[in-house]
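*Asks:* attaching a predicted model along with its sequence, questions to come.
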Amino acid sequence: MKKFLILVLVAGLTIFAFGCAKKHVKPTDEAGAAREEVVEETLTPREAGDVSTYEEESLFEFKDALFEFNKYNIRPDTRAVLDSVASWLNDHRDINVLIEGHCDERGTNEYNLALGEKRAKAARDYLISRGVSSKRMSTITYGEEKPVCSSHNENCWQRNRRAHFVVTR
């Protein structure tokens, strides 16, 4: 009985993992005749009827808000990025956002976690000043744990010193 339940569970997970499929009919005859073959294609979440977070994320891709070394104040060039995020969030009031604070690899883990938190909160506070409700935003710090670049140079470190925005419901 236990093996049967495991088999049913594995089969269900396999079906779920490969998703729904829709069928397309394509001509396959080498001479271009009307011979047809059925091809299966995985549906996107929108086609399958799941338009929750996927649909909203696909409407707008947020740029990261970048920070200077060892700082968490909002740079003048970062204001334009945050203004864009605030504008989009104000137009989509049913959407929430998680603000992730990140750092480069320099400094201790403890220091970078604290600095990442300050960066996420600075971005949140800026968005609040632009009319986004604080109830729609949450923050988390990753410190240096999730870099977008792994080279050891200033260009890479700059990309890792950021507030990153993740759309949630």
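*Replies:* Yep, that arrived.
*Asks:* what sits against the nearest residue to His102 once chain neighbours are set aside?
*Replies:* Excluding the flanking residues, the one nearest His102 by CB to CB, 6 or more residues apart in numbering is Arg162, at 5.0 Å. Where you see a C-beta, it was placed from the backbone N, CA and C, and this is true even at glycine. Taking CB atoms under 8 Å, 6 or more residues apart in numbering as the contact definition, Arg162 lies against 64-67, 102, 119, 148.
*Asks:* only the buried residues of the lengthiest helix in the chain, if you could.
*Replies:* If you go by DSSP state H, the chain has its longest helix at helix 109-129. If you call a residue buried by 16 or more other CB atoms under 10 Å, then helix 109-129 has these buried ones: 112-124, 126-127.
*Asks:* end-to-end on stretch 130-150?
*Replies:* 33 Å (CA to CA, to the nearest Å).
*Asks:* quickly note the distance from the residue nearest to His102 to Gly107.
*Replies:* Distance from Arg162 to Gly107, counting by CB to CB, to the nearest Å: 15 Å.
*Asks:* go on, Thr78?
*Replies:* Distance from Thr78 to Gly107, by CB to CB: 20 Å.
*Asks:* and these two? which has more neighbours close in?
*Replies:* Neighbour count, other CB atoms under 10 Å: between Thr78 and Gly107, Thr78 has more, with 21 against 16.
*Asks:* distance of the more buried one from Ala122?
*Replies:* 9 Å.
*Asks:* now swap in Glu100 and tell me
*Replies:* 13 Å.
*Asks:* how about Phe67?
*Replies:* 8 Å.
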